[in-house]
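Engineer: Here is my input; please provide its structure:
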Amino acid sequence: MRRLRRIKILATLGPASSDSAMIRRLFEAGADIFRINMSHTPHDKMRELVATIRNVEGSYGRPIGILVDLQGPKLRLGAFAEGSVQLHNGQSFILDSDKTPGDTTRVQLPHPEILAALRPGHALLLDDGKVRLIAEETSPERAVTRVVIGGKMSDRKGVSLPDTDLPMSAMTQKDRADLEAALVTGVDWIALSFVQRAEDVIEAKKMIRGRAAVMAKIEKPQAIDRLVDIIDASDALMVARGDLGVELPLERVPSLQKQMTRLARRAGKPVVIATQMLESMIQAPVPTRAEVSDVATAVYEGADAIMLSAESAAGKYPVEAVSTMNRIGEEVERDPIYREVLAAQRPQPEATAGDAIADAARQIAETLDLPALICWTSSGSTAIRVARERPKPPIVAITPNLATGRKLSVVWGVHCVVAEDAHDQDDMVDRAGSIAYRDGFVRAGQRVIVVAGVPLGVPGTTNMVRIATVGGPESEAKG
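Structural biologist: Have a look, this model is predicted:
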């Protein structure tokens, strides 16, 4: 199951992709990690999906990651007496704490924290931005707004607040229950919605206590202003372009996508580009040319992973969607310009031994035109450091920890193998060569570069580089 591309594919599971046979087909088509969306998945179904993925993983002998995506706060209007109303440009419309069903003049906003935080001039976007209001008078009990863009408004439509910093946690009671249920099953990644500040990530990490890695979803304008701190607190980043495009002008999203990709790469944190990548494939067997270009852009930018949402969860062509992403990734990465773009964007190594070693290993591997760069990694940090450099040869990560292998399924260019830990440095070099030979990365007589931390098994101690010549399937590599 060696992939012929470096970028990873994250596929969301749902009604169209819940059974073992379909999950196998998605994995064989190119999915590296699966997403379970807790907005639509009860605990029993989540446990069933995790068990199915683990069974599939066992039959292929390759680590498969599982990401559980928490719903986050859902801000919604109350109900209308007649089910819906028509709002007209320029009219006054009141949002208040009164539970009485609404009409054309007012409706309940059952979120006191919003009414307390709103200020005159703040925008309110209803129903994914279809209707736009501007607050003119605010108090903790009500907000008088003016309709800037009118339209039909019905019960329980969503509310977005691009200008308002809400003093609320990124996790609701539902999220906390979902999180604990997911952690018990042993999932690998938790995607945190509604992140506004680094403290939101820190709060989640206190609950997780190292049982999974945290991926911060960037979907709020407030997060953009605190991006560096959020990246620093997180284990990975997801660019949630759909929600971001509701609360920000659409034309800003492409440049923000590029900025976030580069910032995450500079910090050595995986970054996933998500939402609406092949949207038309929910209904059609082929994507639009614009969608192909959009996916290709994420690949050229050096993102770690690209994500399918409804395309694989509820669409008519889930396997075709994954196959399409796979082919786009392979084609872009064959383009000589791809390597030039990655090299031009390569960040300077941090002033640490681990980053200096990773950068040196890349330079040696590329100067000698070696076919593989092999990492022994306990926690995954060595492989992530090497992946940050976006080396030309494939990265083979060998780890004694299955959990580490699963976590690395979202990291650019990493082919992960779970194997017994090395006994000493010679054993480490010997088995690195034989594993790379077995998995088809090298031929007998070729040289490889081996990166590791010494003493072995101590996380975060990347400090050694060795060049070795590979013998054959049973022979030793000569260090």
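
Engineer: the domain parsing of the protein - what is it?
Structural biologist: 8-72+171-344, 84-160, 353-469 (automatic domain parsing).

Engineer: Next, the distance between the ends of the second one.
Structural biologist: Using Cα to Cα, to the nearest Å, the end-to-end distance of domain 84-160 comes to 19 Å.

Engineer: Let the chain start at 55 from now.
Structural biologist: That works, and once the first residue is 55, the last one we named lands at domain 138-214.

Engineer: So, low pLDDT: which residues of this protein?
Structural biologist: 511, 514, 526-533 (pLDDT under 70).

Engineer: Can you name the residues in contact with stretch 484-503?
Structural biologist: 56, 415, 418-419, 422, 424-428, 430, 448, 450, 452, 469, 471, 473, 476, 504, 519-531 (Cβ atoms under 8 Å, 6 or more residues apart in numbering). To be clear about C-beta, it is placed using only N, CA and C from the backbone, and glycine gets the same treatment.

Engineer: taking the residues you listed one by one, which sit in strands?
Structural biologist: Among the contacts of stretch 484-503, the ones falling in strands (DSSP state E) are 427-428, 430, 450, 452, 469, 471, 504, 519-523.

Engineer: Could you pull out the buried residues of stretch 149-167?
Structural biologist: Using 16 or more other Cβ atoms under 10 Å as the test for burial, stretch 149-167 gives Leu149, Asp150, Gly156, Arg160, Val161, Gln162, Leu163, Pro164, His165.

Engineer: Closest one of those residues to Val110?
Structural biologist: His165 (40.9 Å; Cβ to Cβ).

Engineer: Look up how far Pro166 lies from the spatially closest residue to that closest one that is not a sequence neighbour.
Structural biologist: Leaving out its chain neighbours, the residue that sits closest to His165 by Cβ to Cβ, 6 or more residues apart in numbering is Leu129, at 5.6 Å. Distance, Leu129 to Pro166, using Cβ to Cβ, to the nearest Å: 12 Å.

Engineer: can I get the ones in strands among the contacts of stretch 484-503 in JSON lines with neighbour count and distance to Ile382?
Structural biologist: As requested, the ones in strands among the contacts of stretch 484-503 are exported to JSON lines (neighbours: other Cβ atoms under 10 Å; distance: Cβ to Cβ, whole Å):
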{"residue": "Leu427", "neighbour count": "30", "distance to Ile382": "24"}
{"residue": "Ile428", "neighbour count": "34", "distance to Ile382": "28"}
{"residue": "Trp430", "neighbour count": "28", "distance to Ile382": "32"}
{"residue": "Val450", "neighbour count": "25", "distance to Ile382": "24"}
{"residue": "Ile452", "neighbour count": "26", "distance to Ile382": "29"}
{"residue": "His469", "neighbour count": "24", "distance to Ile382": "20"}
{"residue": "Val471", "neighbour count": "19", "distance to Ile382": "26"}
{"residue": "Val504", "neighbour count": "27", "distance to Ile382": "32"}
{"residue": "Val519", "neighbour count": "16", "distance to Ile382": "34"}
{"residue": "Arg520", "neighbour count": "18", "distance to Ile382": "36"}
{"residue": "Ile521", "neighbour count": "17", "distance to Ile382": "34"}
{"residue": "Ala522", "neighbour count": "24", "distance to Ile382": "35"}
{"residue": "Thr523", "neighbour count": "16", "distance to Ile382": "36"}
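
Engineer: from those, which is closest to Glu111?
Structural biologist: Using Cβ to Cβ, those come closest to Glu111 at Val471, 13.3 Å.

Engineer: which residues does that closest one contact?
Structural biologist: Contacts of Val471 by Cβ under 8 Å, 6+ apart are Val450, Ala451, Ile452, Thr453, Gly459, Ile489, Asp493.

Engineer: let's see it at 6 Å
Structural biologist: Contacts for Val471 (Cβ atoms under 6 Å, 6 or more residues apart in numbering) come out as Ile452, Ile489.

Engineer: Please determine how far it is located from Thr351.
Structural biologist: In terms of Cβ to Cβ, Val471 sits 31 Å off from Thr351.

Engineer: Also Ile503?
Structural biologist: 31 Å.

Engineer: which one of the two has more residues nearby?
Structural biologist: Using other Cβ atoms under 10 Å as the criterion, Ile503 and Thr351 rank with Ile503 on top: 24 against 16.

Engineer: which residues does that one bridge with?
Structural biologist: Leu427, Ile521 (DSSP bridges).

Engineer: Now the residue nearest to Thr95 when sequence neighbours are not counted: which helix or strand?
Structural biologist: Excluding the flanking residues, the one nearest Thr95 by Cβ to Cβ, 6+ apart is Leu103, at 7.3 Å. Take DSSP states H and E as the rule and Leu103 turns out to sit in helix 97-114.

Engineer: For that helix, which helices and strands make contact with it?
Structural biologist: Helix 97-114 sits against helix 74-83, strand 87-91, helix 227-239, with contacts defined as 3 or more Cβ pairs under 6 Å, 6 or more residues apart in numbering; DSSP states H and E.

Engineer: Report the angle between the second one and helix 97-114.
Structural biologist: What that stands for is strand 87-91. Compare the direction of strand 87-91 with that of helix 97-114 by axes from the mean of the first three to the mean of the last three Cα atoms, to 10 degrees and you get 170 degrees.

Engineer: what comes into contact with stretch 143-160?
Structural biologist: 133-135, 139, 162-163, 195-199, 201, 204.

Engineer: first to last residue in it, what's the distance?
Structural biologist: One end of stretch 143-160 to the other measures 15 Å (Cα to Cα).

Engineer: do the same with stretch 124-132
Structural biologist: Stretch 124-132 end-to-end distance (Cα to Cα) = 23 Å.

Engineer: So which of the buried residues of stretch 149-167 belong to strands?
Structural biologist: Leu149, Asp150, Arg160, Val161, Gln162.

Engineer: Name whatever forms a beta bridge with the first one.
Structural biologist: With DSSP bridges as the criterion, the beta-bridge partners of Leu149 are Val161, Ala197.

Engineer: For Met222, see how far away it is.
Structural biologist: Applying Cβ to Cβ to Leu149 and Met222 gives a distance of 17 Å.

Engineer: what do you get for the second one?
Structural biologist: Asp150 sits 19 Å away from Met222, going by Cβ to Cβ.

Engineer: And for the fourth one?
Structural biologist: Note on Val161: its distance to Met222, by Cβ to Cβ, is 21 Å.

Engineer: cool, and the third one?
Structural biologist: Counting by Cβ to Cβ, the gap from Arg160 to Met222 is 23 Å.

Engineer: cool, the last one as well?
Structural biologist: Taking Cβ to Cβ as the measure, Gln162 and Met222 are separated by 18 Å.

Engineer: phi, psi of the closest residue to Ala135 other than its chain neighbours?
Structural biologist: Spatial nearest neighbour of Ala135, chain neighbours left out: Pro155 (3.9 Å); criterion: Cβ to Cβ, 6+ apart. The phi/psi pair for Pro155 (degrees, to the nearest 10) reads phi -50, psi 140.

Engineer: before we move on, what about Gly299?
Structural biologist: Taking degrees, to the nearest 10 as the convention, Gly299 sits at phi -70, psi -20.

Engineer: neighbours of the residue nearest to it when sequence neighbours are not counted, just the number please.
Structural biologist: In space, and not counting its chain neighbours, Gly299 is closest to Val307: 5.0 Å by Cβ to Cβ, 6+ apart. Val307 sits with 15 neighbouring residues when counted by other Cβ under 10 Å.
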